[in-house]
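> Got a predicted structure here, sequence first:
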Amino acid sequence: MIARGKYGVSIWVHLLLSKFLYGQPTHRLLRDLSDHQLTLSAGTVTGGLRALAPLFEPLEEALLGQLRREKQWHADETRWRVFAETEGKVGQRWYFWVFHCPSVIHFVLDPSRSAAVPIRELSASAGGIIICDRYSAYKKLARVLAHFILAFCWAHQRRDFLELANARPDLADWALAWVEQIGELYYLNGARLEVRNDPAQWAERAQRTPVVARKNFYGSGSHWSGALAATMFSLLLTLRLWEINPRIWLTAYLEACAANGRQPPTDLSVFLPWAMATDRLARMRDIPVAQTRPIDSS
């Protein structure tokens with residue numbers, strides 16, 4: 001995978017999944033590997049990930065393109081630290097924005113929490129419905145881009161009624177009646193999704209993976225590693241969305257890159273869940289991890 005490198009695809013697959021899907025900090029991961037008689041240095045891991053990062057850039061573009069073809073998104077944001085100097089910025093607090101649609105989960109790492117981020121992310125799309133909280137950035141997006149409609153999250157509205165019931169006992173019956181009706185909406189929506197066998201698309205759920213990672217390794221040590229984190233979170237959670245085994249997929253993709261002279265494969269369609277053939281999608285989903293072998297990229 002890497003020129004003059006010692007380690008093959010299986011090691012890099014394991015490192016990428018451990019760090020970006022399971023939130024394992026590098027020092028703990030290296031200690032675990034040493035118990036299996038495999039000794040790697042932190043510098044080897046960092047240098048290797050930096051060398052691999054360009055292989056995923058075309059996939060990042062494909063994910064964003066597919067996101068913009070959709071008509072409905074859940075949006076949310078959470079803090080993330082980047083421990084590097086950034087011109088014009090005071091402090092290390094950045095933000096992970098997530099945009100979750102039926103076919104893609106896409107993360108954007110940005111130093112700003114301004115409306116410029118969602119506007120930039122979605123302005124090239126034809127418009128649709130954005131399900132979000134009442135943060136002002138989304139309201140500004142709707143003012144600037146008139147072809148978008150905001151649907152505010154019922155969970156936040158429910159919280160308002162509960163707070164009102166606690167603060168104003170004289171209005172508690174009225175407020176709790178609304179809470180009960182919102183609960184009925186949740187019940188009916190749950191029944192609808194169960195009949196359709198369609199999991200709910202919630203941006204806050206997608207944020208759990210970076211939040212776990214943030215607790216375990218605090219953030220990113222450089223701009224390039226932050227960009228790689230955003231891409232890997234997007235890619236791996238999109239694979240989960242399609243019920244694809246990420247170890248099978250990542251092995252096949254990196255094998256294809258190695259076969260192409262350590263360059264991304266020319267034909268990405270065989271690796272995009274919404275574009276790949278049905279039989280290939282089934283293989284990516286159904287082969288048990290213990291029995292996996294690299295899937296031919298053709």
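That came in fine, so what should we check first? Numbering: from 1, shown residues only.
> quick one: contacts of the helix or strand hosting Val117?
Assigned by DSSP states H and E, Val117 falls within helix 116-122. Helix 116-122 has contacts (CB atoms under 8 Å, 6 or more residues apart in numbering) with 64, 67-68, 73, 75, 77, 95, 97, 99, 106, 108, 110, 130, 137-138, 140-141, 144-145, 148. Any C-beta I mention is one placed from the backbone N, CA and C, and that applies to glycine too.
> Would you map the helices across the stretch 51-200 of the chain?
Taking DSSP state H, counting those that start in this stretch as the test, the helices found in the stretch 51-200 of the chain are 57-69, 116-122, 136-144, 154-167, 172-196.
> Quickly note the distance from the most centrally placed residue in the chain to Ile11.
A centroid search over the chain (CA atoms, centre = their mean) returns Ser234, at 3.4 Å, as the residue closest to the centre. Using CB to CB, to the nearest Å, Ser234 is found at 23 Å from Ile11.
> can you check Pro246 too?
Remark: distance between Pro246 and Ile11 (CB to CB) = 16 Å.
> who's more crowded, those two?
The residue with more neighbours, out of Pro246 and Ile11, is Pro246; 21 against 18, by other CB atoms under 10 Å.
> if I look at the more buried one, how far off is Ala252?
11 Å.
> same question, Gln24
23 Å.
> Ser34 now?
Taking CB to CB, one finds Ser34 at 28 Å from Ala252.
> Which parts of the stretch 1-150 of the chain are strands?
72-82, 93-100, 105-110, 128-132, 148-152 (DSSP state E, counting those that start in this stretch).
> Report how many residues lie close to Arg262.
16.
> what does the one 3 residues further on give?
The tally of other residues near Pro265 (other CB under 10 Å) stands at 19.
> Val90 versus the nearest residue to it once chain neighbours are set aside, what's the distance?
Of all residues beyond its chain neighbours, the one nearest Pro265 is Ala256 (4.3 Å), with distances taken as CB to CB, 6 or more residues apart in numbering. Going from Ala256 to Val90 by CB to CB gives 43 Å.
> With neighbour numbers in mind, choose between those two.
Ala256 (24 against 6).
> Confirm that that one sits in a helix.
Yes - according to DSSP: H, G, I helix; E, B strand; the rest coil, Ala256 belongs to a helix.
> Let me know the pLDDT of it.
With respect to pLDDT, Ala256 scores 97.
> Compare Gln24 and Ala252 and say which one has the larger neighbour count.
Ala252 (24 against 19).
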